[in-house]
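J.: Just the structure for this:
(chains A and B)
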Protein chains: 2
Amino acid sequence: MVISKNMEKLVAGSSTIRKLFEEGIQMAQEVGAENVYDFSLGNPASPVPHEIRDSIENILDNTDGNIVHGYMKNAGYDEVRKAVADSLNRKNGTSYSADDIIMTCGAAGAMNCVFRSLLNAEDEVITFAPFFGEYRSYVANYGGNLVVVPADTKTFQLNLDAIRPLINEKTRCVIINNPNNPSGVIYTEDTLKKLNDILTEAEKEIGHPIYVLADEPYRELVYGDQTVPYIPNIIRNSIFLYSFSKTLSLPGERIGYMAVSKDIDYYDEMISALVVANRCLGYINAPSLFQLVVAQCLDIPANLEFYDRNRKLLYNKLTSLGFEVVHPDGAFYMLIKSPTPEEDDFVAMGKKYHIILVPAKSFGCPGYVRLAYCVSHDMIERSLPAFEKLAAEYYNK
Amino acid sequence: MVISKNMEKLVAGSSTIRKLFEEGIQMAQEVGAENVYDFSLGNPASPVPHEIRDSIENILDNTDGNIVHGYMKNAGYDEVRKAVADSLNRKNGTSYSADDIIMTCGAAGAMNCVFRSLLNAEDEVITFAPFFGEYRSYVANYGGNLVVVPADTKTFQLNLDAIRPLINEKTRCVIINNPNNPSGVIYTEDTLKKLNDILTEAEKEIGHPIYVLADEPYRELVYGDQTVPYIPNIIRNSIFLYSFSKTLSLPGERIGYMAVSKDIDYYDEMISALVVANRCLGYINAPSLFQLVVAQCLDIPANLEFYDRNRKLLYNKLTSLGFEVVHPDGAFYMLIKSPTPEEDDFVAMGKKYHIILVPAKSFGCPGYVRLAYCVSHDMIERSLPAFEKLAAEYYNK
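T.: Numbers count the residues shown, from 1 in each chain, chains lettered A, B, ... in the order given. Next comes the predicted model:
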């Protein structure tokens, strides 16, 4: 085999979600798109806000093309970084300056920069199940290992009892995804404070920082009167990673940033390494036009109503049919407990009715499936009879 | 130190070019931008073609925003990949299909995907000096080592006599940058055929393919009646990497592609791995709007006249002043032989007259400096008296 060993494994275990997404396309060709209920992918269906186009026009009208489409510093345009810093400071009472912000190719690009900067071969990164399966690849890119704290399936909060024994000299980072993909749960301030206590103590023992990566692309997608604590205000050694993909329905544009507070250990070394990583991983810089666009759109709210209607309709329907569903307070996912011990069987049964769900073992949470409700309301309405038939396979017999 | 060992080295040796670029900004603040002659960076000053904006408007008018800015397959939009394949086939008589094209975050992103797919720790990648210094980082990202074939400073063609002893079981790839950055030289068909003979023989001996990466962002920038051979037509095991950065003056947008012929060894494994690499390195996909834009702009010619005027004026002036300059036939760089043995002294002397040049030791070619003439013609005209003073330091004494 010509492919590198590390890559072979990734290709073999290649994204279940993407495979299902492509199966959905195939199924649509066979039975008609209107008869397929694809809940597999986190591709936001909420319309792109009109301000995006307004902003594109505004920039193209008023800024020289060689500036709009040209190279800038690897960390991004100074004025964009300042706008992001100011916006974070307004919202969270922080005190970032432009220097603390690095514009990135989405949150995935930001996370790759962190791992490229920190990981030696065999170093470890901890995350809490359920977790976004791609974390495994991002860590593997640089020869590291992802260590998974098993899910607390009672509360779906951070399973704090289980983390301490997993920390050792090789531990470099802990990833927290809040609100969580795939559970839709928001980690509470109390939980995060307890995590901080555990990590602060562990850092003393192991003698180096454990950076918490606050991976928060769903930060603005919270329902009802819920709020999401700002992790860098609770955990000093944390780096905030953000993507505009979900809030502004721009996932294809690959635009996000990371915010690095001056309070973290080794700030100077970290910021230099992260900027070099952004360059040397071939991103060079976050896409230029969209850096300028998002800087003008920092205060545009997410289309919460769009997703909340979906959430309520599905949650109520599924629970009334007998399914056990983790209550989703944020993001646009819900976890359904598989009515059979092996969730692959449940996923297969879903396909019988053209419902596409993702087995949650790829999120480190076997026995559950993920449903992404970032789809059209219309599709959800059309899918309800199919869910009735699916429920009847388990609950009406 | 908290930064990974491999990264520490990269940060320490961080891009000379970028540092000089930032020094140039500093100098401009001190003596006025009009008095600084910054030839450090390959940031194209040729205006962005008006077709880019036309195409953006056209796409935003006619395509649903959730398609324009949404996720697509990790390899890119099918119709974009087909347009690229068709265009390559028309220009080079190849027979690519859409499946053979992966849209990437520039050529740098494409190269990172190849190395992520192929390199085990300590594997080797060969390139010919002079070479783009960032190759070293791209290889180091995955624990590999860049092996440099010394420059043939007589012809600046590939130094074929020197490559064979450098090939061994660890050799995975050879990078060819044609036209070359920093020399501006075009490698001839004859040279490339000879390289093919050497590699084909070596592959038999080592028992695995050596993939040639044809890194060709400057492919369309050639002057006079020069042509650039299409490497995949000469070397079977080659992958073509392209960026629209230089031709269309879009370096900030991070848009390019790789083309993988079905004739290469292990085609199926390679294409799967490359697509997974594109996802798992956090690119996910090439920026979506600009995929659609470049697909509409594949036949827009580079603004050759813009660069050719600069090239002629500078080449004639510099040689008439006594400098020894490698004749540039392509790209927008020229190599000047340092009049002193240590080119850093020459670079320092340049700064005295506010001329910013890059020491070519960072391109594996000590004793030379690189001048990027992708700047405004006006700046070049203003710089000529400064070059006269610089020449007088060496040649009129």
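J.: which residues are in contact with the helix or strand harbouring residue A:191?
T.: Using DSSP states H and E, residue A:191 falls within helix A:189-206. By C-beta atoms under 8 Å, 6 or more residues apart in numbering or on different chains, the surrounding residues in contact with helix A:189-206 are A:157-158, A:160, A:163-164, A:167-169, A:171, A:174, A:176, A:209-210, A:212, A:229, A:231, A:234-237. For glycine as for every other residue, the C-beta is placed from the backbone atoms N, C-alpha and C.
J.: Tell me which residues of that helix come out buried.
T.: Applying a neighbour-count criterion of 16 or more other C-beta atoms under 10 Å in any protein chain shown, one finds A:191, A:192, A:195, A:196, A:198, A:199, A:202, A:203 buried in helix A:189-206.
J.: and if you look at stretch A:28-47?
T.: Those would be A:36, A:37, A:38, A:39, A:40, A:41, A:42, A:43, A:44, A:45, A:46, for stretch A:28-47 by 16+ other C-beta under 10 Å.
J.: Excluding its own residues, what touches the lowest-mean-pLDDT helix or strand in chain A? List them.
T.: Here the helix or strand of chain A ranked lowest by mean pLDDT, DSSP states H and E is helix A:16-31, holding a mean of 83. In this structure, residues lying in contact with helix A:16-31 by C-beta under 8 Å, 6+ apart are A:35-36, A:38, A:40-41, A:133, A:351, A:354, A:356, A:358-359, A:362, B:73-74, B:279.
J.: From the buried residues of helix A:189-206, pick the one nearest chain B.
T.: residue A:203 (11.3 Å; C-beta to the nearest C-beta).
J.: In terms of residue numbering, what are the domains of chain A?
T.: Under automatic domain parsing, the residue ranges defining each domain of chain A are A:5-49+A:302-392, A:50-296.
J.: Lowest average pLDDT across the ones you listed?
T.: In terms of average pLDDT, domain A:5-49+A:302-392 trails the rest of the domains of chain A, at a mean of 93.
J.: centre of the chain versus that domain, how much separation?
T.: Relative to its chain's centre, domain A:5-49+A:302-392 lies at 16 Å (C-alpha atoms, centre = their mean, to the nearest Å).
J.: Likewise for stretch A:253-272?
T.: So, by C-alpha atoms, centre = their mean, the centroid of stretch A:253-272 is 18 Å from its chain's centroid.
J.: That stretch vs chain B: in contact?
T.: Yes - shown here: stretch A:253-272 in contact with chain B (C-beta under 8 Å from any C-beta of the partner chain) through A:253, A:254, A:265, A:266, A:269, A:270, A:272.
J.: What's the PyMOL line that selects buried ones from those?
T.: Buried members of the residues of stretch A:253-272 next to chain B, defined by 16+ other C-beta under 10 Å, are picked up in PyMOL with:
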select buried, chain A and resi 253+254+266+269+270+272
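J.: Now the element after the helix holding residue A:191, going C-ward?
T.: strand A:211-215.
J.: Quick check: the gap between residue A:204 and chain B.
T.: As judged by C-beta to the nearest C-beta, to the nearest Å, residue A:204 and chain B stand 15 Å apart.
J.: I should have written residue A:274 there, sorry.
T.: 10 Å.
J.: Just list the residues touching that residue, thanks.
T.: A:102, A:113, A:114, A:117, A:258, A:260.
J.: Identify the bridge partners of the last one.
T.: Listed beta-bridge partners, residue A:260: residue A:239 (assigned using DSSP bridges).
J.: Touching, it and residue A:100? I think so.
T.: Yes - counting by C-beta atoms under 8 Å, residue A:100 is a contact partner of residue A:260 at 5.2 Å.
J.: Which neighbours do the two have in common?
T.: With C-beta under 8 Å, 6+ apart, residue A:260 and residue A:100 have common neighbours residue A:271.
J.: can you tell me which of the buried residues of stretch A:28-47 are in strands?
T.: In strands, judged by DSSP state E, the following of these are found: A:37, A:38.
J.: As TSV, the buried residues of stretch A:28-47 with distance to residue B:327 would be great.
T.: What follows is these, written out as TSV (distance: C-beta to C-beta, whole Å):
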residue	distance to residue B:327
A:36	61
A:37	64
A:38	58
A:39	61
A:40	56
A:41	53
A:42	53
A:43	51
A:44	53
A:45	56
A:46	56
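J.: Please list which of the buried residues of stretch A:28-47 are also close to chain B.
T.: Okay, of the buried residues of stretch A:28-47 touching chain B (C-beta under 8 Å from any C-beta), that's A:41, A:43, A:44, A:45.
J.: Pipe these into CSV and attach distance to residue A:54 per row.
T.: Output for these, formatted as CSV (distance: C-beta to C-beta, whole Å):
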residue, distance to residue A:54
A:41, 28
A:43, 23
A:44, 19
A:45, 21
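J.: which stretch of helix or strand covers the most centrally placed residue in chain A?
T.: Ranked by distance to the mean C-alpha position of chain A (C-alpha atoms, centre = their mean), the top residue is residue A:217 at 5.3 Å. Using DSSP H and E, residue A:217 sits within no helix or strand.
J.: What is the burial count for the residue nearest to it when sequence neighbours are not counted?
T.: Take residue A:217 and drop its neighbours on the chain: the residue closest to it by C-beta to C-beta, 6 or more residues apart in numbering or on different chains is residue A:243, 4.1 Å away. Per other C-beta atoms under 10 Å in any protein chain shown, the neighbour tally for residue A:243 reads 26.
J.: Pretty sure residue B:276 is one of the things residue A:141 touches, is it not?
T.: No - contact criterion C-beta under 8 Å: residue A:141 and residue B:276 do not qualify, at 11.0 Å.
J.: helix, strand or coil for residue A:174?
T.: strand (DSSP: H, G, I helix; E, B strand; the rest coil).
J.: Settle this for me: it is touching residue A:135, isn't it.
T.: No - the pair residue A:174 / residue A:135 is not scored as a contact, 11.1 Å apart, by C-beta under 8 Å.
J.: Which one's more surrounded, the two?
T.: residue A:174 (28 against 22).
J.: List the residues that contact that one.
T.: A:125, A:126, A:127, A:163, A:195, A:199, A:210, A:211, A:212, A:213.
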